[in-house]
Structure formats: C-alpha cells, structure tokens
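**Student:** Okay, predicted coordinates and the sequence, questions at the end:
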Amino acid sequence: MNKIFLVIQREFMSRVKKKSFLLATILVPLIFPAIIIGMVYLKEESEKNKEQETIHLLNESELIVFEDSERYTYKPVEGPLDSAKSDFSKSDAFALIYIPDLDIENPKGVAFYAKTSPGVTLVRGFERDIESQIRDRKLTVAGLSNDQLDQLKTDVTISSFNITESGDEKKSDAKSTFWISYVMGFLIYIFLFAYGSQVMQGVIEEKSSKIVEVIVSTVKPFQMMVGKVVGVASVGIAQFAIWMILFAVIWTLAMSFLGIDVASGQTSGLTPEQAQAQSNEILEIIQGVNWTQITLLFLFYFLGGYLLYGALFAAVGSAVDTPADAQQFMMPIMLPIIVSLMGLFMFVFEEPDGPVSFWLSIIPFSSPIVMMGRIGFGVPAWEIALSMVMLIAGFIFTLWLAGRIYRIGILMHGAKVNYKVLAKWFMQKN
C-alpha cells in the first residue's frame, strides 16, 4: 500500500504544480461567465447596429397588412409572382414575401424568398405576425373582440410539493430540479472524459519515455496503475472543490452587481413585499433540496465512475505507443458515456422513474451520469444503495480487467495491438 500511496502522491503533486493546472483552475470559473456575458453583449450590440432592411411585398390578400418597423421597410410590388421574383433578384432588397388570396379557414401558399437561407427565428417571426392577424380576423367574424377573449383567459399556477414517508412536505420546482439534474449529470460526463484522457495520456508519455521501465523495477504494474488512476482522481476532486468556491464567490458578486441582496432578498425594481415574497419562495425551494446528499453522491459517483473508466483508459494507454494508436480502442469506452448522456434527455427528464431510467441508473457503465440526473427528482434509498453497490463491483472488475492488460502492455513497445492481442494478454498467466 505504501508504494501505491507514493505513486498517488507523485501523480497528484506533478499535476498540481503545473502552470496549466493553476491556470485552468482559476480561469475556468471566470471564462464561462465572461463568455456568456460577452455573447449577450454582442447579441445586444448586433441588434442595435442592424440597418433597416427593405422587403418586397406582393400581397394579394386583404386579410394581412404589414407596417414598417425599425427593422424592416415594406415595399409593395405588383404583377405576377415570377415578375416579382425577377425584380427582387436584381434589387438590393433583403427579401420578398408573397401572400396569395388567403382562405381564412385554410391559409396556405405564403412564401418567403431571400438571396441567402433565412434564420429559423426570422421566418417564425413573420409566421406569428400572419397568424395573429388571421386570428384577429376570425375573432371579428365570430363577433368577439380581443378584450373579450382576454377576459376568458385564466392563468393557473400549480404549486409542486414533495411529500416524504413521514408526511412532511417540501416545496419543489420542476425547473430547478431539471437544472440540478442536468448540471450534475453533465459535470460527471465532462470529468469522465477529461480526467480519463489524462490518465491515458500520462501512461502513453511514460511508456514512450521509458520512465515506466525504471518505475516497475520497484513498483508492481498493478500498483502503479491504481496509483496513477487514484492520483489523477484526487487532482480532479481538488480542482472541483476550488471551482465550487470560486463559483460561489462569483455568484454572490454577480447578484450584488445586478442589485440583488443575497442575504436579505431585496431586489431592485420590486416593492419590499414582492422582494420578500420572492426571496421566501426561492429560499423554500433551495431548502427543499438535500444539498448534502447531492454533494456526497456527486463525489461518490465521480470517484466510482472515474475509477471504472480511468482503469480502462489506463489499459488502453499501456497497450499503445502513441495517442493516434489509441483511437481504435476509444469508441467502446466512449460509447457507454455518450449513451448515458443521451439517456438523460430521452428518458430521465421525461420519465425519471421509468424502467429505462431505472436500469440506466443501476448499470455501472451508465449509473454515474444517469443516477446523478435522477437524484434531483427524488430516488428511493434502496435504488441508490443498489446503484452504489453495483458501481463498486463495476470499478473493482474494471480495475482487475485493466490490470491484466496493463501488466504486460506497459512493457511492450512496437507491437501491433488489436483486440485479439489484448485478449491474449488478458489470458496470459505470467
């Protein structure tokens, strides 16, 4: 065990002391908010600086009327459609909209012509405008006004609560649950790829530089593999902890900058009563989330998933001489990770208690991502326990499996490796 701890210490210290680790640890929590703020700023500036465009309008219907706006000027055109399209192609106009004589019950035939493919939101905006005008005309025909229709509309807000076995109830929020589940599952997905690749890259570098031949003279290959996998995992946990602290500080500063007092819940633009009510509702939702459970389970599934996949990445790294040679073995490892992320969107978010969601959260190769995605929706304790036991068994199995390949592959150079060769190394006794 002492030799394993020495390898863990070496892997941890060698990575933590690198400038790249310090830069990534400090800059990542700053880069992402900066990117979001920058994109929002550029979007606003782009909208402000857009010039007014001219749109040719061939309108044969009395139902639809387009009025000039800050963004578009409509130029009525006449004649057949072919002639209008010919004139448009020779002009500097942005687009041509053709509206035939529409049937109010079955409005078809509207066309949008442009010299480049228009954006989806752009066309959808014109669709909504036309739909709104047809709707208003239908109301007029039916003898109803917009005011009368608005009076018929009723907004209903459903409050969501979770009831425990003891009968206690806690306020929940579907959107908050969705984002908690998505963020936790996606973080596991990113970490499995990032730190698993670090293990593989580290093994390949040491094998290529022949350093490993010196190390295995005093440390058994399996001990070195376990130490490397756990050492990189400890780097990931340390980095994640620093990120969480920095994110908390940045969040508090951002809320203060936007005029929100995190402690008192006072928000600019709201009356004290509204701000207090909003603050109480947010606080109730936050208190309804078991953050201790989520944090502990995240650490467990991060470690368990990483150990399971990290061992496989280490085995691949030991079997090849260059990263390019590793590509043929990467897909079988990456596929379950990708399937797990897809399972979040296709099954967990739609039916968190469904059979597919259940099995994906139990199978060790998918449980780190899928179970973290289900946690926010509430999972029975026995399912979590079963998933954890299966994950422990899973990473013990992959460590043993990878160790059988690692012990031979780490000392092999220049060999043409395929799955048949890996199976031979696995079965070899000595």
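**Tutor:** Cool, got the structure. Quick caveat, the model's predicted, so the values are computed rather than measured.

**Student:** What segments of the chain are strands?
**Tutor:** Assigned by DSSP state E, the strands in the chain fall at 53-59, 72-76, 95-99, 111-114, 160-163, 169-172.

**Student:** packing partners for the fourth one?
**Tutor:** Packed against strand 111-114, as judged by 3 or more CB pairs under 8 Å, 6 or more residues apart in numbering; DSSP states H and E, are the following elements: strand 95-99. Any C-beta I mention is one placed from the backbone N, CA and C, and that applies to glycine too.

**Student:** So what are the sheet partners of the strand it packs on and their directions?
**Tutor:** strand 53-59 (parallel), strand 111-114 (antiparallel) (DSSP bridges).

**Student:** can you put those strands in TSV and add mean neighbour count, distance to Leu297 and mean pLDDT?
**Tutor:** As requested, the strands paired with strand 95-99 are exported to TSV (neighbours: other CB atoms under 10 Å; distance: least, CB to CB, whole Å; pLDDT from 0 to 100):
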stretch	mean neighbour count	distance to Leu297	mean pLDDT
strand 53-59	19	53	89
strand 111-114	15	50	89
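
**Student:** Out of the helices and strands in this structure, which is least certain?
**Tutor:** helix 272-287 (a mean of 54; mean pLDDT, DSSP states H and E).

**Student:** returning to that earlier point: out of the strands of the chain, the one nearest Ile26 is which?
**Tutor:** Between Ile26 and the strands of the chain, the shortest gap by CB to CB is with strand 169-172, which sits at 35.2 Å.

**Student:** State the mean pLDDT of that closest one.
**Tutor:** Taken as a whole, strand 169-172 has a mean pLDDT of 60.

**Student:** want to throw the strands of the chain into TSV with distance to Pro368?
**Tutor:** Shown next, in TSV, are the strands of the chain (distance: least, CB to CB, whole Å):
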stretch	distance to Pro368
strand 53-59	50
strand 72-76	50
strand 95-99	49
strand 111-114	47
strand 160-163	24
strand 169-172	24
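
**Student:** ok, Met225 touching Ala311?
**Tutor:** Yes. With contacts counted by CB atoms under 8 Å, Met225 reaches Ala311, the gap being 7.1 Å.

**Student:** got any residues that touch both of these two?
**Tutor:** Leu399, Ala402, Gly403 (CB atoms under 8 Å, 6 or more residues apart in numbering).

**Student:** and the spatially closest residue to the first one that is not a sequence neighbour, what pLDDT?
**Tutor:** Right, the one you point to is Leu399. Excluding the flanking residues, the one nearest Leu399 by CB to CB, 6 or more residues apart in numbering is Ala311, at 4.7 Å. pLDDT, Ala311: 85.

**Student:** tell me the contacts of Ala311?
**Tutor:** Taking CB under 8 Å, 6+ apart, one finds Met225, Val229, Phe395, Thr398, Leu399, Leu401, Ala402, Gly403 in contact with Ala311.
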